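Chemist: Pasting the sequence and the predicted coordinates here, then a few questions.
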Amino acid sequence: MRTVFVLNVGSSSIKYQVLDVGSGEVHASGLVERIGVAGSETPDHAAGLAVVLAELAGVPIDAVGHRIVHGGTRFVQATVIDDAVEREIEALADLAPLHNPPGLAGIRAARAALPELPHVAVFDTAFHATITPAARDYAIDAEVAARTRIRRFGFHGTSYRYVSRVAAGTLGRAGDPELKLVVLHLGNGASACAVQGGRSVDTSMGMTPLEGLVMGTRSGDIDPAIPLYLAREHGYTTAQLDELLNKRSGLLGLSGRSDMRELVAAAESGDQLAAHALDVYVHRVRHYIGAYAAELGGIDALVFTAGVGENSSYIRRRAVAGLGFLGLAVDPALNEARSGDPRAISPTGSPAAVLVVPTAEELEIARETRAAVDAAV
Ligand SMILES: Nc1ncnc2c1ncn2[C@@H]1O[C@H](COP(=O)(O)OP(=O)(O)O)[C@@H](O)[C@H]1O
Ligand SMILES: CC(=O)OP(=O)(O)O
Ligand SMILES: [Mg+2]
């Protein structure tokens, strides 16, 4: 098996790649947007997938890999999809109402269109199955938590699995069980992960992808009494709270802009709201670097990935400023140099490294898809 069709289906978009698992070569890729949006030509995910399949006519495919955000406690590794697995993924929708239903719609449409191929679900949560019990559990009534499945799951796991393996290789420490990494996945969704010996021990997203860092439109950590207060004193409904915290908060809520490029440009030309949003963002990132260095008992490397982590020298510089007491520093010239390769941006001889590692979630999904299909034979 060589060629995997990787599908990342969001609420209103389908991102896809067809790639060779061995070489990593991408044979086709694309994006269908505005699915189900008023006035769009693509009314639903089945129609979106039909557009994608028409674009792929004649491209050979051996298997389909589906990004599924939430695997709950049921799915701790990539899993070949049959009708029973599809039903179990459907049953997890209540844990991730914004993220799982589109993925499930993608599975249904793709299995109907390509019934002869193996389909595999690859879960964002799976890499975090190893987090410590102390990091996993929230300090709420244990009986309520167990009955309602409340616990930390963590997300972006496919990215963390790939990036921590590449980082270990870049440091010449592949497979070292002692290697201590703090990885920052800074995209629109953003999270941090403490990785020891290639295993997640803690991560900043929680039961849902709302907890932790300041994101493009999500608040990240807030006092859990705030939604109660808004409901009790200001009449917010659950739907309004959901919308406020997931779609109108974060950088967008603070400043009216969610795109990091625009924010940095605005702040540099004197926009005070943009500057403040960046201060709040950087403050939270530094909070988690310190927390995870303490949890790991030290830090061998800090690793930046995803859209902001890979591209924003401004955020990297500010995140690391003053962290010399952890052995961390950024070399200004290396930080500014542009490259698509994994690289160190710390001065040579630093006690701890600072790395930029471009993530490759699609390639990792393709590899896990192949491994799951091979294991099932
Ligand atoms: N050159 C750049 N400089 C600063 N930020 C960038 C740059 N390129 C992309 N970004 C930021 O990366 C973010 C998107 O990251 P990405 O990982 O693509 O997100 P998603 O979560 O949608 O996959 C946006 O905030 C965008 O502004
Ligand atoms: C889980 C999650 O936050 O994903 P994304 O970064 O794609 O929004
Ligand atoms: Mg992303």
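Modeler: Arrived safely, thanks for sending. Ligands and ions are numbered 1, 2, ... in the order given.
Chemist: what residues does the stretch 201-350 of the chain put near ligand 1?
Modeler: Listed as neighbours of ligand 1 in the stretch 201-350 of the chain under the rule Cβ under 6 Å from any ligand atom: Gly216, Asp259, Met260, Arg261, Ala306, Gly307, Val308, Asn311, Ser312. Just so you know, the C-beta spots here come from the backbone N, C-alpha and C atoms, and that holds for glycine as well.
Chemist: Grab the nearest non-local neighbour of the last one.
Modeler: What that stands for is Ser312. Met260 (5.6 Å; Cβ to Cβ, 6 or more residues apart in numbering).
Chemist: Look at that neighbour and say how many residues are nearby.
Modeler: Using other Cβ atoms under 10 Å, Met260 has 23 other residues around it.
Chemist: Relative to Leu278, how far out is it?
Modeler: Using Cβ to Cβ, to the nearest Å, Met260 is found at 9 Å from Leu278.
Chemist: anything in contact with each of those two?
Modeler: Counting by Cβ atoms under 8 Å, 6 or more residues apart in numbering, the contacts common to Met260 and Leu278 are Ile315.
Chemist: Surely His185 touches Val195?
Modeler: No. Between His185 and Val195 there is no contact, the gap being 11.4 Å when judged by Cβ atoms under 8 Å.
Chemist: can you list residues touching both of those two?
Modeler: Tyr160.
Chemist: quick one: the helix or strand bottoming out on mean pLDDT in the chain to chain centroid distance?
Modeler: Ranked by mean pLDDT, DSSP states H and E, the weakest helix or strand in the chain is helix 45-55, scoring a mean of 91. Taking Cα atoms, centre = their mean, to the nearest Å, one finds helix 45-55 lying 25 Å from the centre of the chain it belongs to.
Chemist: so who does whichever residue of the stretch 101-250 of the chain sits closest to ligand 1 touch?
Modeler: As assessed by Cβ to the nearest ligand atom, ligand 1 sits closest to Gly187 within the stretch 101-250 of the chain, at 2.6 Å. Counting by Cβ under 8 Å, 6+ apart, Gly187 makes contact with Gly216, Ala306, Gly307, Val308, Gly309.
Chemist: what's the burial count for the first one?
Modeler: Think Gly216. Gly216: 22 surrounding residues under other Cβ under 10 Å.
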